[in-house]
Each structure stands twice: as C-alpha cells, then as structure tokens.
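J.: structure for this input, please:
(one chain, ligands or ions: 1)
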Amino acid sequence: MLLIPCPWCGERDESEFSYGGTARSLPPLDADPAEWERVLYVHDNPKGWHDDLWFHGFGCQRWFALRRHTVTQEIGEPDAAADDGAP
Ligand SMILES: [Zn+2]
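T.: Got it, this is the predicted structure:
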C-alpha cells in the first residue's frame, strides 16, 4: 500500500487515486500518427526514479505529478503544476 501526498488534500491511501502513466509532454494534436503511437503505446520500464501522473478521483478530482522510485516505492514531493485539466 502506498500513501500518496495529494498537493491539495494531503496524504491519502493509493486506493483513492488512478494512475495516469508517465508525466511527460505530449506532441501537438496534428503530429505524425507514428509519433502518437509511440507516445501512447511504447513505454519505458525504468528502474529507479520515475515521474508519474496521478488523478485523485475519490478526493479533489485533480491531476498532479509525483516522483516515485520504482524499486523502493519512495515518494517525492508532488507537483501541482501538472494540473491543466487533462492527463
Ligand atoms: Zn486531492
């Protein structure tokens, strides 16, 4: 079980959240379909620190980025700046 620190609600159980994938910039909507395919379906499986997107569905209904270590499950500070209304 993870305790995830929501920037607006504080620390909550991971069951209140949905994982949104890797926190990264998306290509423009008119980008080459091959670029969108790579972004949507090809994923790294990093060992170490990773930037995740999380949605607090059973709380404030907001997105945020969080740095998480994929081996130890250590969690860094959340980044509320990721909340632009979309994952
Ligand atoms: Zn929240």
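J.: identify the residue nearest the geometric centre of this structure.
T.: L53 (0.9 Å; Cα atoms, centre = their mean).
J.: that one: what's it in contact with?
T.: With contact taken as Cβ atoms under 8 Å, 6 or more residues apart in numbering, L53 is in contact with 19-23, 63-66, 82, 87. C-beta: built from backbone N, CA, C; applies to glycine.
J.: pull out the buried members of those residues.
T.: Buried residues within these, counting neighbours by 16 or more other Cβ atoms under 10 Å: 20, 23, 63-66, 82.
J.: tell me the one of these nearest the ion?
T.: F64 (7.9 Å; Cβ to the ion).
J.: residues contacting the closest one?
T.: 6-7, 53-54, 56, 78-80, 82-83.
J.: for C6, same thing?
T.: 12, 17, 54, 56, 59-60, 62, 64, 78.
J.: and it, how close does it get to H50?
T.: 18 Å (Cβ to Cβ, to the nearest Å).
J.: and the chain, which of its residues are near the ion?
T.: The chain has residues 6, 8-9, 56, 59-60 near the ion, with proximity defined as Cβ under 5 Å from the ion.
J.: top of those by neighbour count?
T.: H56 (21 neighbours; other Cβ atoms under 10 Å).
J.: got the end-to-end distance for stretch 5-13?
T.: End-to-end distance for stretch 5-13, by Cα to Cα, to the nearest Å: 9 Å.
J.: ditto for stretch 43-60
T.: This stretch, stretch 43-60, spans 28 Å end to end (Cα to Cα).
J.: that stretch: how far from the chain's middle?
T.: In terms of Cα atoms, centre = their mean, to the nearest Å, the centre of stretch 43-60 is found 3 Å from the chain centre.
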